[in-house]
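*Asks:* Return atomic coordinates for the entry below.
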Amino acid sequence: MKSKVEVKVVKGEPTKNIVKTRKKAGSNHVVKSKSTGTSLLTFEVIGLCFIFIGVFATVGIMGIDTGTIGYGVDEILAYGFGFTRIVVSLSLIIIGLKYIIVRRKFPLTRSWGICMWIYLLVQSLIHLVFIPQEITFLPTSIRIGGGIFGAAVAAGLRSLFGEICAIIMIVIVFIGTLVLWKRWSLARPLQKASHQASIKFTHISDKTTNGVQDVARSFQEWRDRRERFLEGQKEIQKLTSAALATNEKDLQVDEIHDNELTTKDMSKNIVDINTYQEKIDMEESALQEEKKVLQDAPVSEKKEKPIASSSIFTEERLGDISVVNQTAGDDTAIALNEMEALKPVEIEPMTTSVEIGNTETSAVPKAVVHEPYQLPSIEILKPGTGTIGGVSAEVKENAAILQSTLQSFNIDARILHASQGPAVTRFELEPAAGVKVSKIVHLADDIALKLAATDIRIEAPIPGKAAVGIEVPNKSVSSVTLRDILESDSFRLAKGGVPVSLGKDIAGNPIIADLTKMPHLLVAGSTGSGKSVCINTFIASILFKQRPEDVKLVLVDPKVVELSNYNGIPHLMTPVVTDPKKAASVLRWAVREMDDRYKRFAYTKTRDISRFNELHPEEAMPFIVIIIDELADLMMAASGDVEESICRLAQKARACGMHLVLATQRPSVDVLTGLIKANVPSRIAFAVSSQIDSRTILDMAGAEKLIGKGDMLFYPMGASKPIRVQGAFISDTEIDEVVEFIKQQRKPHYDEEVEAAQQEDKEMGDFFEDDLMEQAINMVLETGQASASMLQRRFRIGYTRAARLIDMMEAMHIVGANNGSKPREILMTEEEIQEKFGF
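*Replies:* Residues are numbered from 1 along each chain as shown. Here you go, the predicted structure:
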């Protein structure tokens with residue numbers, strides 16, 4: 001719409017003035033727009049001034065020389081605002097940015113006023129806490145304290161309320177200001193803290209009660225065993241005494257019978273003494289022959305004869321035959337007595353293993369006798385093929401190319417040595433004086449190009465040497481078999497612990513690691529890099545070196561197909577676990593087993609498993625190695641339980657002989673969390689796709705340079721840098737042969753507690769199959785109460801199903817136990833349930 005313009009023609013004035021007037025009007029409009037643009041630019045200039053002052057003041061505060069003006073600005077800010085003057089300089093920068101971005105006058109809003117008030121409170125608090133009352137207004141105190149404003153407020157509050165009350169009042173005013181400004185409620189964090197403290201107290205109380213009960217139960221079991229042992233000894237003593245008494249009684253009866261026969265036969269006086277004497281000689285010779293036969297018989301046959309034999313008593317009688325009386329009557333009596341003595345005495349043989357004349361018995365408890373077991377022979381494994389010919393010429397050629405490449409970049413370096421390994425050759429360079437190591441490192445891509453290598457790795461410097469290592473892959477790779485490592489002296493002569501074979505280093509030396517010294521191991525690498533073969537070599541090393549009673553294995557294989565062929569070997573405490581939910585329960589069992597072992601150590605006053613087994617060989621405990629082939633699957637299924645159990649085991653399980661081997665092909669921070677990495681000190685990294693993955697595993701780059709196929713970086717606890725190792729190889733056929741050999745010797749005896757823990761989790765999983773479980777938990781959290789009748793009304797279900805849901809929540813420790821007429825207590829928050837159960 002066009003506005004109408006009225007033009008009045010004044011008499012006596014020329015019309016050209018009208019045109020001028022219009023031009024002036026147009027010109028006035030242009031001037032106005034120019035003034036608006038100028039005002040916007042003014043705000044930007046003001047903003048730049050504020051930014052300059054803020055940056056200038058900040059630089060001066062940081063101690064950088066800013067000249068006389070900078071020193072003066074710093075002094076003004078120091079006396080005005082003290083130690084916290086950096087906040088003022090940064091605020092000036094923020095105000096300047098605000099002027100430039102918004103392009104209008106900076107508004108002093110309520111928020112800025114509250115910030116200034118809080119800043120004044122902080123200044124006053126700093127002055128109250130750090131500056132004594134006697135030197136409150138000294139220039140130095142003002143500079144390092146809260147400035148002149150903070151000093152003034154602090155001095156006033158000190159004189160009115162005293163120092164302690166003034167500090168308390170400032171803190172309360174500070175909290176009250178935040179509450180009113182942000183509309184925060186103090187009730188919720190206090191309630192949450194109280195709830196968490198109550199849960200922790202209940203958990204600690206339950207743990208303490210369970211611990212006391214376990215100790216009391218163990219003590220009672222020990223007393224019962226001791227009482228049974230004493231009762232057995234008393235029973236054996238009774239049987240021994242009864243046997244001795246029976247023998248003495250039979251001897252007395254025999255003597256009385258002999259005396260009666262003597263008295264009776266002496267009255268007859270019609271016996272031919274010569275006839276009896278001949279019979280005595282015949283019997284004596286027969287007894288001598290029997291005695292000789294018994295002496296020549298084996299010891300086992302002598303032990304098997306009954307303890308009450310007629311020959312014992314007959315031989316005792318033979319000692320009396322040498323006496324010859326002077327009268328015929330006496331001779332007759334003696335002859336009759338000896339003839340009666342030659343008759344066998346019938347005594348029933350005793351069934352107890354009692355030795356006459358010795359009160360020791362075989363009822364003493366003996367140590368458990370294990371079944372015979374033979375370690376598998378390394379002849380089952382295939383021998384290595386050795387190094388491939390022609391490698392030496394390749395090494396010389398690469399050395400010459402490397403030397404010329406460095407000279408082309410004006411780097412003066414000398415090749416000291418070349419270490420040829422199975423898959424990689426390392427050239428040791430000694431840079432000349434004045435050559436930076438970083439300059440050689442930056443030429444990695446150029447060196448790889450000249451050598452026509454897939455990738456090279458530069459180790460600068462080599463630990464323990466004044467040289468730089470350049471690792472170049474060999475064109476022909478020689479395989480490292482497990483048999484080569486097992487036949488080495490390093491493995492054969494390894495004493496104690498749990499030695500496992502890794503492979504060979506760059507120099508071709510076998511690398512053996514002891515799990516008891518690691519004490520836990522993290523293995524990570526991309527698919528196909530050799531991670532699963534490494535796990536198999538670990539297990540095979542244990543099977544070739546350890547007996548089932550010395551080392552027990554717990555294998556967790558969520559991928560189902562990697563470790564299932566080890567099922568049935570006697571080293572297993574439970575069949576290979578393939579269900580992630582059951583794996584979480586097995587880890588919880590391992591934590592309980594660790595606690596039980598520490599209780600036994602405390603009871604026997606020992607510090608670790610080696611000392612315990614040395615002092616109590618009859619109760620020797622085996623080492624337990626827990627191998628998890630894919631940690632990522634477990635973390636996805638139950639991250640809360642798995643991470644907590646792994647951290648507890650990694651922190652404490654070393655002394656009680658329990659060791660973890662964690663393997664994953666997804667080295668991300670949500671799988672290898674900070675807690676897990678902090679508690680698992682030893683690492684093995686196979687080839688990964690990026691430097692980020694390498695840093696996740698090793699906390700340094702390098703794994704992305706590996707060539708795969710068993711090429712690894714072994715970073716044991718205490719080492720300054722990782723060691724490059726070519727992993728040993730064992731085929732599936734060899735594994736099957738070893739497992740079959742072990743299975744034929746002994747059957748597995750699975751631990752009932754481990755299987756019970758898995759069954760318990762299975763029952764819990766059955767409850768989770770209820771479709772309403774998740775909805776019921778969410779409703780309990782929303783309403784703050786848990787009852788079967790409420791679930792009935794909300795979901796329109798029967799009482800049995802509703803009560804079952806409540807019971808399951810109690811078993812999961814989401815709600816407390818039934819407390820009569822009082823409502824059940826809610827024990828977990830939504831975040832805790834999400835972390836523990838995954839919904």
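
*Asks:* could you give the mean pLDDT of the helix or strand harbouring Leu230?
*Replies:* Assessed by DSSP states H and E, Leu230 sits inside helix 187-266. The pLDDT scores in helix 187-266 average 71.

*Asks:* what's the answer for stretch 87-100, then?
*Replies:* 86.

*Asks:* do stretch 712-730 as well
*Replies:* 91.

*Asks:* how about that stretch: buried residues?
*Replies:* For stretch 712-730, a neighbour-count test (16 or more other CB atoms under 10 Å) marks 712-716, 722, 724-730 as buried. No exception for glycine: its C-beta is placed from N, CA and C like everyone else's.

*Asks:* Mind jotting down where the helices sit in the stretch 601-750 of the chain?
*Replies:* 609-615, 631-652, 674-679, 691-698, 732-745 (DSSP state H, counting those that start in this stretch).

*Asks:* for these, which one sits closest to Gln213?
*Replies:* With CB to CB as the measure, helix 631-652 is the member of the helices of the stretch 601-750 of the chain nearest Gln213 (20.4 Å).

*Asks:* elements contacting the closest one?
*Replies:* helix 580-604, strand 658-664, helix 674-679, helix 830-837 (3 or more CB pairs under 8 Å, 6 or more residues apart in numbering; DSSP states H and E).

*Asks:* Compare these and give me the one nearest Phe544.
*Replies:* strand 658-664 (16.9 Å).

*Asks:* Given the closest one, what are its sheet partners and their directions?
*Replies:* Sheet pairing for strand 658-664, assigned by DSSP bridges, gives strand 521-524 (parallel), strand 623-628 (parallel).

*Asks:* Buried deepest among these, which one?
*Replies:* Counting by mean count of other CB atoms under 10 Å, strand 521-524 has the highest mean neighbour count of the strands paired with strand 658-664, with a mean of 27.

*Asks:* what is the mean pLDDT for the very next helix or strand once past that one?
*Replies:* Under the assignment DSSP H and E, the closest C-terminal helix or strand after strand 521-524 is helix 531-545. Averaged across helix 531-545, pLDDT comes to 93.

*Asks:* The very next helix or strand once past helix 531-545 - contacts with which helices or strands?
*Replies:* Later in the chain than helix 531-545, the nearest helix or strand by DSSP H and E is strand 551-556. Judged by 3+ CB pairs under 8 Å, 6+ apart, strand 551-556 is in contact with helix 531-545, helix 580-604, strand 623-628.

*Asks:* And the second one, what does it pack against?
*Replies:* It refers to helix 580-604. With contacts defined as 3+ CB pairs under 8 Å, 6+ apart, the packing partners of helix 580-604 are helix 187-266, strand 551-556, helix 609-615, strand 623-628, helix 631-652, strand 658-664, helix 752-768.

*Asks:* Can you pull the domain assignment for the chain?
*Replies:* 30-182, 219-341, 391-473, 482-750, 770-837 (automatic domain parsing).

*Asks:* what's the most buried one of the ones you listed?
*Replies:* Most buried of those by mean neighbour count (mean count of other CB under 10 Å) is domain 482-750; its value is a mean of 19.

*Asks:* List the contacts of the spatially most central residue of the chain.
*Replies:* The centre of the chain sits closest to Ala650, judged by CA atoms, centre = their mean, with a distance of 2.3 Å. Shown in contact with Ala650 (CB atoms under 8 Å, 6 or more residues apart in numbering): 520, 660, 676, 679-680.

*Asks:* Counting by contacts, list what the helix or strand hosting Thr140 packs against.
*Replies:* Per DSSP H and E: Thr140 is located in helix 139-144. Counting contacts by 3+ CB pairs under 8 Å, 6+ apart, helix 139-144 is packed against helix 67-81, helix 147-161.

*Asks:* List of residues touching it?
*Replies:* Contacts for helix 139-144 (CB under 8 Å, 6+ apart): 78-79, 82-83, 127, 130-131, 135, 148, 151.

*Asks:* picking up where we left off before, looking at the domains of the chain, which is closest to Asn210?
*Replies:* Proximity to Asn210 (CB to CB) singles out domain 482-750 among the domains of the chain, at 9.1 Å.

*Asks:* Distance from the closest one to the middle of the chain?
*Replies:* Centroid separation for domain 482-750 versus its chain: 11 Å, with CA atoms, centre = their mean, to the nearest Å.

*Asks:* Ok, stretch 56-72 next?
*Replies:* So, by CA atoms, centre = their mean, the centroid of stretch 56-72 is 53 Å from its chain's centroid.

*Asks:* for the stretch 251-400 of the chain, what are the low-confidence residue spans?
*Replies:* Scanning the stretch 251-400 of the chain for pLDDT under 70 picks out 251-371, 385-391.

*Asks:* same thing with the stretch 51-200 of the chain?
*Replies:* Scanning the stretch 51-200 of the chain with the threshold set as pLDDT under 70 gives 106, 185, 188.

*Asks:* how about the buried residues of stretch 712-730 in a markdown table, adding distance to Gly816?
*Replies:* Shown next, in a markdown table, are those (distance: CB to CB, whole Å):
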| residue | distance to Gly816 |
| --- | --- |
| Met712 | 50 |
| Leu713 | 50 |
| Phe714 | 49 |
| Tyr715 | 46 |
| Pro716 | 47 |
| Pro722 | 50 |
| Arg724 | 56 |
| Val725 | 53 |
| Gln726 | 57 |
| Gly727 | 52 |
| Ala728 | 54 |
| Phe729 | 55 |
| Ile730 | 52 |
